[in-house]
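1. 3D, please:
(one chain, ligands or ions: 1)
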Amino acid sequence: MFATVFLLLVTLCAQGGYGEEAQKPGHVTVVIVGGTGDLAKKYLWNGFFQLYVSQVSSGNTFSFYGGGLSPTDTAIPVLFEILKAVSCPKDLPEERCAVLKEQFLRLSQYRQLKTLEDYQDLAKYIEKQLQEEGMTEAGRLFYLSVPAFAYADIADKINSSCRPTSRAWLRVVLEKPFGHDLFSAEVLTAQLGNSLKDEEMYRIDHYLGKQVVAQILPFRAENKNFLDPIWNKHHIERVEIVLKETLDVKGRIPFYDQYGVIRDVLQNHLTEVMTLLTMRLPKNLSSHEEVMNNKLRVISSLLPLGKNQAVIGQYQAYNAEVQQELNKTKDHITFTPTFAAVLARIAETQYEGVPIFLISGKMLDERVGYARVLFKNDIVCLQNSNSIHCKPKQIIYYFGHGSLKYPAILVSKTLFKPVLMNGWKEVTEHTDVNVLGLAISDYYVQTPSKEREAYAELISHILAGHKNSFISTENLLASWGLWTPLLSSLSNAFPRIYPGGSDNGDMLDVLVKGNDITYNSEVVIISPDQMGGTSTSGFKVVRGKFRDDEMVSAWAEELVEELAKDLQDAAEAAVSKSGVFHVAFSGGSTPLALFHRLALHHFTFPWRDTHVWMVDERCVPLTELDSNFYTVYSQLLHHVKIPYFNIHPMPVHLNHRLCVEEDGGAQFYEKEVSRLINGSVFHYILLGVGYDSHTASLFPGTKEDELGDKLVAFTESPDKPHQRMSLTFSAINRAQRVALLVIG
Ligand code: BG6
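-> Predicted coordinates:
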């Protein structure tokens with residue numbers, strides 16, 4: 001069905017739409033590389049169909065290609081199903097839509113785009129069609145809906161074989177992520193710069209296609225007279241840019257775990273909204289240069305973001321989802337944040353001291369996105385707090401979802417009556433709904449007369465060459481320049497674990513102290529019935545007994561805090577009594593959060609007088625990631641001032657071989673213990689519990705008597721690497737204090 005393309009020449013009069021710029025109508029070739037992928041299926045083909053429908057009377061003609069790596073015979077049926085499902089614009093009569101859809105289907109075909117020859121063949125094919133039909137070429141649009149690592153190679157192939165020959169344009173559309181940090185964004189930019197000119201690149205941030213976001217600048221311009229006097233530090237209390245989501249990231253973890261919420265959403269979508277809200281209003285809104293310069297200016301005047309300007313969280317089930325999707329063992333731990341709240345400030349007199357919050361998270365209580373500018377209220381309401389003057393004064397750019405369900409701009413009636421935007425309608429009939437602390441009837445509300453999907457909107461802007469709706473290179477690098485230092489400072493930070501949904505209660509609430517932001521509750525405290533996760537109200541740390549020993553049960557963050565204190569107390573007591581502290585640490589992922597906490601507060605700990613021993617070790621070289629010592633070293637010892645002769649890795653690698661009985665590694669370690677530790681009594685031993693309930697490297701079934709009086713022994717694990725070296729029950733049981741940390 002798609003083997004041949006019929007070019008339909010639907011050339012009616014050129015008028016209206018976005019084709020009106022100084023672009024001559026002609027034939028437009030659209031190639032979606034990754035044309036059978038998820039994004040293409042969900043949004044792109046629909047968007048291009050809408051474009052086709054809106055362009056029927058523009059004088060342009062089209063052909064569409066879905067490109068991909070798969071061979072034609074498997075991909076054609078897939079593409080056909082996608083195309084069959086494209087939806088009709090709401091205002092298009094059914095019959096008319098059916099006709100246009102039929103045309104659209106006939107104009108579309110699949111091409112395998114793998115090798116340079118494939119791209120060359122495509123170019124030849126396009127040129128042959130143009131010649132045969134005697135058409136003038138308007139331009140070629142390549143939409144790269146593929147992972148970013150493939151961009152440079154595809155751009156190179158397009159450059160060398162698919163450039164239009166005449167004066168027609170070339171536009172290459174790129175989807176985020178555009179890099180992982182400033183450096184990788186620069187590398188990607190340089191690679192793409194070898195093949196494409198800056199004006200040929202269209203970097204998509206779909207938030208710029210959201211109708212409300214696209215309306216921020218025009219709204220500010222139209223209401224300039226009202227806004228000018230109040231758009232400053234004297235009147236603005238704070239700005240909040242928020243995207244709350246209820247879903248988890250299952251199915252996207254290979255991508256998400258490398259990126260996390262800051263890279264996924266804050267660096268791009270929320271930063272764009274922030275710049276539109278706070279940049280100096282351009283005199284000419286359609287001047288790409290002026291808009292870009294003003295955007296850059298505001299980004300560069302933001303105060304640097306460090307770890308005191310952010311709090312991060314991770315929904316509780318995330319770690320297990322990562323283990324499953326990435327095929328990791330049960331002791332794999334990830335620090336990737338799924339929630340972040342960041343406090344930004346602009347170092348300009350106009351906004352001095354105004355806090356700007358950028359907040360987003362998965363598994364929160366509701367799905368909603370908005371930017372809210374809250375104004376100060378200088379009226380003191382003594383009695384009638386219901387009076388309209390006592391209510392919040394705010395402007396809300398409501399992107400959609402949430403209680404309101406539709407996109408809207410809302411202005412508190414106590415502020416001013418805004419100008420109705422072109423193509424928007426006022427909403428006066430309200431249902432009983434509350435938006436951010438105010439009944440909807442307390443706002444002037446306007447909404448787009450016709451709702452448009454963000455991708456469809458942006459696709460029409462690509463055709464029109466409206467560069468303001470896309471991310472320029474300078475803009476991209478400036479944004480990464482802002483976020484990269486924060487991301488580096490958070491790279492090892494332990495996120496607050498939250499249960500998800502309404503169970504989060506107030507545990508993600510934040511508190512501003514000067515330029516810093518923290519969680520409002522210092523530690524999260526939970527109740528005994530927490531494991532089922534009902535409500536956070538009334539949660540407390542459980543202190544109890546387990547077989548006559550102290551037991552503390554709480555969220556990981558609190559446990560780690562308690563444990564760190566306990567360890568510090570023990571260290572100080574030992575050092576003041578005997579001048580030395582001997583501690584043995586376990587490996588695996590359980591103690592990572594503790595190591596991180598100890599490294600952060602290393603100044604107060606008596607590291608100089610501390611000897612660090614290992615509870616157990618895997619039979620791998622000590623420099624390998626799998627080595628317990630490597631974890632302790634890289635996560636803790638590397639960051640604290642401890643004399644190197646106080647560090648005691650287990651000798652699993654002797655005579656260039658791993659854990660051979662005859663090499664006597666276990667005896668050697670035991671001798672070291674006896675030589676340096678009085679009575680071989682460790683001051684402190686930290687144990688964790690593995691998912692099969694082993695502790696140290698003593699696995700279920702290991703009998704105390706099998707190990708005799710030994711303090712150190714070789715043992716066998718059911719998991720790879722099977723061979724281990726471990727302190728024995730005798731060594732552990734004689735320690736002054738044993739802590740067993742159970743997380744997960
Ligand atoms: C995408 C992110 O860019 O934006 C997703 O990758 C996020 O993680 C989405 O869910 C949010 O967009 P929207 O339009 O649904 O608010």
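
2. and the protein, which of its residues are near the ligand?
-> Residues of the chain lying close to the ligand by Cβ under 6 Å from any ligand atom are L243, E245, D264, V265, G369. Heads up, the C-betas are built off the backbone N, CA and C, glycines and all.

3. To what extent is the third one buried, counted in neighbours?
-> Using other Cβ atoms under 10 Å as the criterion, D264 is surrounded by 24 other residues.

4. Nearest residue to it in space, please, no chain neighbours.
-> Y256 (6.7 Å; Cβ to Cβ, 6 or more residues apart in numbering).

5. Pull the host helix or strand of the one you found out as CSV, backbone CA atoms only.
-> For Y256, the element it lies in under DSSP states H and E is helix 253-261. Extracted in CSV, the C-alpha atoms of helix 253-261 (Å, rounded to 0.1, in the frame of the first residue of the first chain):
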residue,chain,number,x,y,z
ILE,A,253,13.9,3.4,33.3
PRO,A,254,16.8,2.8,31.0
PHE,A,255,16.5,6.5,30.0
TYR,A,256,15.2,7.9,33.2
ASP,A,257,17.7,6.4,35.6
GLN,A,258,20.5,8.2,33.7
TYR,A,259,18.7,11.5,33.7
GLY,A,260,16.4,12.0,36.7
VAL,A,261,13.8,14.7,37.2
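
6. Now do it: which elements does it pack against?
-> Secondary-structure packing of helix 253-261 (3 or more Cβ pairs under 8 Å, 6 or more residues apart in numbering; DSSP states H and E): helix 318-325, strand 339-344.

7. can I get those in TSV with mean neighbour count?
-> Output for these, formatted as TSV (neighbours: other Cβ atoms under 10 Å):
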stretch	mean neighbour count
helix 318-325	19
strand 339-344	25
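
8. ok, of these, where does mean pLDDT dip lowest?
-> Comparing mean pLDDT over the helices and strands packed on helix 253-261, the weakest stretch is helix 318-325, at a mean of 93.

9. how many degrees apart are it and strand 339-344 in direction?
-> For helix 318-325 against strand 339-344, the angle by axes from the mean of the first three to the mean of the last three Cα atoms, to 10 degrees is 120 degrees.

10. who touches the helix holding Y256?
-> Residues from elsewhere that reach helix 253-261 (Cβ atoms under 8 Å, 6 or more residues apart in numbering): 177, 180, 249, 264, 312, 321-322, 325-326, 334, 336-340, 360-362.

11. One more: stretch 377-395?
-> 372-376, 409-415, 436-438, 442.

12. Farthest-apart pair in these, please.
-> The span of the contacts of stretch 377-395, defined through Cβ to Cβ, is set by K376 and I409 at 20.7 Å.

13. the more surrounded of the two?
-> A direct count of neighbours by other Cβ under 10 Å for K376 and I409 places I409 higher, at 25 against 12.

14. so what strands line up beside the one helix or strand the more buried one maps to?
-> Using DSSP H and E, the element containing I409 is strand 408-412. Take DSSP bridges as the rule and strand 408-412 pairs in its sheet with strand 393-401 (antiparallel), strand 443-448 (antiparallel).

15. Could you list the alpha-carbon positions for the longest one in PDB?
-> Extracted as PDB, the C-alpha positions of strand 393-401 are listed here (Å, rounded to 0.1, in the frame of the first residue of the first chain):
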ATOM      1  CA  LYS A 393      -3.700  37.900  44.700                       C
ATOM      2  CA  GLN A 394      -2.200  35.800  41.900                       C
ATOM      3  CA  ILE A 395      -1.800  35.200  38.200                       C
ATOM      4  CA  ILE A 396      -1.800  31.600  37.200                       C
ATOM      5  CA  TYR A 397      -0.700  30.200  33.900                       C
ATOM      6  CA  TYR A 398      -2.500  26.800  34.100                       C
ATOM      7  CA  PHE A 399      -1.000  24.400  31.600                       C
ATOM      8  CA  GLY A 400      -3.700  21.800  32.000                       C
ATOM      9  CA  HIS A 401      -4.900  18.700  33.900                       C
END
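
16. Show the average pLDDT along that strand.
-> Mean predicted lDDT for strand 393-401 stands at 95.

17. how far does it sit from the chain's center?
-> With Cα atoms, centre = their mean, to the nearest Å as the basis, strand 393-401 stands 23 Å off its chain's centre.

18. ok, back up a step: okay, the strands paired with strand 408-412, which one's buried deepest?
-> With neighbours defined as mean count of other Cβ atoms under 10 Å, the strands paired with strand 408-412 peak in mean count at strand 393-401, which reaches a mean of 23.

19. For R171, give me its contacts.
-> G139, R140, L141, F142, E200, Y202, I462, G465.

20. Then the fourth one would be within a strand, right?
-> Okay, so that is F142. Yes: under DSSP: H, G, I helix; E, B strand; the rest coil, F142 falls within a strand.

21. Of the strands paired with strand 408-412, which is nearest A571?
-> Of all those, strand 393-401 sits nearest to A571, with 51.0 Å by Cβ to Cβ.

22. can you list the weak-confidence ranges in the stretch 1-150 of the chain?
-> Applying pLDDT under 70 to the stretch 1-150 of the chain picks out residues 1-23.

23. 50 instead?
-> 1-21 (pLDDT under 50).

24. Next: the stretch 201-350 of the chain.
-> Checking the stretch 201-350 of the chain against pLDDT under 50 turns up nothing.

25. before we move on, back to that, averaged pLDDT, the strand holding I409. What do you get?
-> Throughout strand 408-412, pLDDT has a mean value of 97.

26. continuing past that strand, what's the next helix or strand?
-> Immediately after strand 408-412, counting by DSSP H and E, sits strand 424-427.

27. taking the residues of the chain next to the ligand one by one, which sit in strands?
-> L243, G369 (DSSP state E).

28. how about the helices of the stretch 101-250 of the chain, start to end?
-> If DSSP state H, counting those that start in this stretch is used as the criterion, the helices of the stretch 101-250 of the chain fall at 116-133, 151-161, 182-193, 211-214, 216-222, 224-227.

29. most tightly surrounded among those helices?
-> Ranked by mean neighbours (mean count of other Cβ under 10 Å), the helices of the stretch 101-250 of the chain are led by helix 211-214, with a mean of 24.

30. can you list contacts of that one?
-> 207-208, 272-273, 276, 397-400, 407-409, 448, 451-452, 454, 457, 469.

31. The helix holding Y256 to helix 318-325, inter-axis angle?
-> Put simply, helix 253-261 runs at 150 degrees to helix 318-325, going by the same axes, to 10 degrees.

32. Can you list the buried residues in helix 253-261?
-> Across helix 253-261, burial judged by 16 or more other Cβ atoms under 10 Å covers I253, Y256, D257, Y259, G260, V261.

33. Could you do stretch 498-515 as well?
-> Y498, P499, G500, D503, N504, G505, M507, L508.

34. does the fourth one count as helix, strand or coil?
-> By that I understand D503. helix.

35. how about the strands in the stretch 451-600 of the chain?
-> For the stretch 451-600 of the chain, the strands defined by DSSP state E, counting those that start in this stretch cover 496-498, 510-513, 516-519, 542-546, 549-553, 581-585.

36. can you put these in CSV and add mean pLDDT?
-> CSV is the format used below for the strands of the stretch 451-600 of the chain (pLDDT from 0 to 100):
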stretch, mean pLDDT
strand 496-498, 88
strand 510-513, 94
strand 516-519, 94
strand 542-546, 70
strand 549-553, 79
strand 581-585, 97
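
37. most tightly surrounded among those?
-> The highest average neighbour count among the strands of the stretch 451-600 of the chain, using mean count of other Cβ under 10 Å, belongs to strand 581-585 at a mean of 25.

38. Neighbouring strands of it in the sheet, and parallel or not?
-> Sheet pairing of strand 581-585 (DSSP bridges) gives strand 610-614 (parallel), strand 684-688 (parallel).

39. what's the domain layout of the protein?
-> 6-175, 211-277+303-453, 555-741 (automatic domain parsing).

40. which stretch among those domains comes nearest T473?
-> Closest to T473 of these is domain 6-175 (Cβ to Cβ; 11.0 Å).

41. coming back round to it: out of the buried residues of stretch 498-515, the closest to E95 would be?
-> G500 (46.9 Å).
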